[in-house]
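1. Here is the input, now give the coordinates:
(one chain, ligands or ions: 1)
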Amino acid sequence: MTVYQATTSAPVNIACIKYWGKRDTKLILPTNSSLSVTLDQDHLRSTTTSRADPSFKKDRLWLNGEEEEIKEGGRLATCIKEMRGLRRQLEDQDASLPKISGYPVHISSRNNFPTAAGLASSASGFAALVASLAALYQLPTDASRLSLIARQGSGSACRSLFGGFVAWQMGEKADGSDSYAVQVAPREHWPDIHALICVVSDDKKGTSSTSGMQRTVETSTLLQHRIKHVVPERMQKISEAILARDFDTFARITMQDSNQFHAVALDTDPPIFYMNDVSRSIIALIVEYNRVAVANGGKLKAAYTYDAGPNAVIYAPKENIKEIVELIVKYFPQAEAFKDPFGLFGTQGVK
Ligand code: 2P0
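-> The predicted structure is shown next:
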């Protein structure tokens with residue numbers, strides 16, 4: 001008997017220009033474009049196995065070994081339905097293909113890092129889900145095409161289908177057909193950039209991104225300014241900086257955009273705080289590190305960025321990483337304790 005099963009994995013991505021706000025909550029269409037770096041370390045990935053079998057009674061999904069309900073009309077159901085639809089189209093065109101689109105699927109997904117700690121588990125999770133169904137159904141793997149479906153699982157997931165430097169173009173159409181991810185440059189274009197992840201806390205975050213960003217859309221006037229007058233130019237400038245391997249500009253824009261995202265969260269009613277005192281101390285440390293470099297006639301040496309949680313991600317050229325780790329361990333001696341449990345503290349290559 002033929003077994004129809006496929007396993008794939010997808011990495012976490014960390015945004016330099018942040019996605020925060022939807023203009024369509026069902027299709028997950030954003031209020032601004034965003035840009036991220038896909039991490040290429042083995043220990044920041046979701047790995048997903050999908051299996052189609054006529055003996056299964058219904059579609060089921062397990063996340064880190066715990067079964068999750070696949071709610072009708074929900075994000076998981078939408079992604080599975082869309083992928084199944086693409087398989088059905090292939091089967092309609094080619095009668096020799098086995099009709100596995102009619103079989104229920106069982107899906108098992110595992111993250112090798114703490115879920116919901118502001119480390120974008122939904123991004124790698126939905127990207128791995130879509131990639132694994134694409135492999136199961138033997139669909140042509142055009143990553144931008146798949147990103148349209150991963151986007152409907154979780155917005156940031158569309159960016160994890162590519163390695164390297166990735167833009168999610170917000171698009172204009174009401175049906176979302178032009179809201180997908182494209183690769184700005186592959187990892188090999190700029191291998192010198194590394195990401196250092198400092199796990200300040202691995203607790204589940206207080207306000208989920210989905211509900212937090214909707215509250216921001218409804219209440220923040222600063223968000224409207226950001227959408228119209230800030231992000232379009234930053235997308236352009238940071239893309240140029242990546243293509244030119246200009247770390248100074250890349251770092252400046254990355255830090256500005258992290259700051260504005262957290263300002264927009266604070267401008268939400270009621271306000272949302274994702275960073276804590278340790279997060280802010282790490283910002284102060286990086287600001288001082290850069291200030292000294294510039295005062296000595298040099299350029300910026302590191303850039304911090306924070307997502308919907310307190311953990312710091314620091315981008316820097318490889319030659320600076322050792323010095324930055326030493327600085328952090330000096331000022332945050334407890335950082336040593338973070339090294340082992342999840343292996344997240346250390347240099348992370350980016351793909
Ligand atoms: C980002 N974040 O661009 C931004 C920065 C968090 C801060 O994408 O509702 O989990 O599933 O589309 O993708 C978090 O948002 O939200 C996010 P949904 P998602 O990475």
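2. First-to-last residue distance for stretch 21-37?
-> 20 Å (CA to CA, to the nearest Å).
3. buried ones in it?
-> By neighbour count on 16 or more other CB atoms under 10 Å, the buried set for stretch 21-37 is 21-23, 27-37. The way it works is simple: take the backbone N, C-alpha and C, and place the C-beta from them, glycine included.
4. So which bits of this protein are right by the ligand?
-> 15, 18-20, 28, 34, 120, 122, 154-156, 209-210, 261, 307-308 (CB under 6 Å from any ligand atom).
5. make it 5 Å
-> Residues of the chain that fall close to the ligand, judged by CB under 5 Å from any ligand atom: 15, 18-19, 34, 122, 154-156, 209-210, 307-308.
6. Only the buried subset of those residues, as a PyMOL command please.
-> To isolate the buried members of the residues of the chain next to the ligand in PyMOL, using 16+ other CB under 10 Å:
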select buried, resi 15+18+19+34+122+154+155+156+209+307+308
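7. Can you tell me which of the residues of the chain next to the ligand comes closest to Ile283?
-> Among the residues of the chain next to the ligand, Asp307 lies closest to Ile283 (CB to CB), at 13.9 Å.
8. As JSON lines, the buried residues of stretch 21-37 with pLDDT and distance to Val200 would be great.
-> Output for these, formatted as JSON lines (pLDDT from 0 to 100; distance: CB to CB, whole Å):
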{"residue": "Gly21", "pLDDT": "98", "distance to Val200": "25"}
{"residue": "Lys22", "pLDDT": "98", "distance to Val200": "27"}
{"residue": "Arg23", "pLDDT": "98", "distance to Val200": "32"}
{"residue": "Leu27", "pLDDT": "98", "distance to Val200": "33"}
{"residue": "Ile28", "pLDDT": "98", "distance to Val200": "28"}
{"residue": "Leu29", "pLDDT": "98", "distance to Val200": "31"}
{"residue": "Pro30", "pLDDT": "98", "distance to Val200": "26"}
{"residue": "Thr31", "pLDDT": "98", "distance to Val200": "28"}
{"residue": "Asn32", "pLDDT": "98", "distance to Val200": "26"}
{"residue": "Ser33", "pLDDT": "98", "distance to Val200": "28"}
{"residue": "Ser34", "pLDDT": "98", "distance to Val200": "23"}
{"residue": "Leu35", "pLDDT": "98", "distance to Val200": "24"}
{"residue": "Ser36", "pLDDT": "97", "distance to Val200": "20"}
{"residue": "Val37", "pLDDT": "96", "distance to Val200": "20"}
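9. Inside strands: which ones of those?
-> Among the buried residues of stretch 21-37, the members found in strands (DSSP state E) are 22-23, 29-30, 34-37.
10. Of all pairs in those residues, which one spans the longest distance?
-> Farthest-apart pair in these is Arg23 and Val37; separation 24.8 Å (CB to CB).
11. next one: the helix or strand containing Thr210 to chain centre, how far?
-> Here Thr210 sits within helix 209-219, counting by DSSP states H and E. Taking the mean of its C-alpha atoms, helix 209-219 sits 18 Å from the chain's own mean (CA atoms, centre = their mean, to the nearest Å).
12. Show me what it packs onto, helices and strands only.
-> The criterion is 3 or more CB pairs under 8 Å, 6 or more residues apart in numbering; DSSP states H and E, and the helices and strands that helix 209-219 contacts are strand 22-24, helix 247-266.
13. most packed of those?
-> Burial of the helices and strands packed on helix 209-219 is given as mean neighbour count (mean count of other CB atoms under 10 Å); helix 247-266 ranks first at a mean of 21.
14. Would you mind getting the angle between that one and helix 209-219?
-> Counting by axes from the mean of the first three to the mean of the last three CA atoms, to 10 degrees, helix 247-266 lies at 80 degrees to helix 209-219.
15. Tell me the first helix or strand C-terminal of helix 247-266.
-> Heading C-terminal from helix 247-266 (DSSP H and E), you reach helix 277-295.
16. May I see the buried residues of that next one?
-> By neighbour count on 16+ other CB under 10 Å, the buried set for helix 277-295 is 278-279, 281-283, 285-286, 289-290.
17. picking that back up, would you format the helices and strands packed on helix 209-219 as CSV with distance to Leu61 included?
-> CSV is the format used below for the helices and strands packed on helix 209-219 (distance: least, CB to CB, whole Å):
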stretch, distance to Leu61
strand 22-24, 23
helix 247-266, 30
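18. Which of these sits closest to Lys71?
-> With CB to CB as the measure, strand 22-24 is the member of those nearest Lys71 (18.6 Å).
19. That closest one pairs with which strands, parallel or anti?
-> If you go by DSSP bridges, strand 22-24 pairs up with strand 29-30 (antiparallel).
20. Now do the strand it pairs with: everything it contacts.
-> By CB atoms under 8 Å, 6 or more residues apart in numbering, the residues outside strand 29-30 that reach it are 19, 21-23, 155, 168, 170-171, 176, 179.
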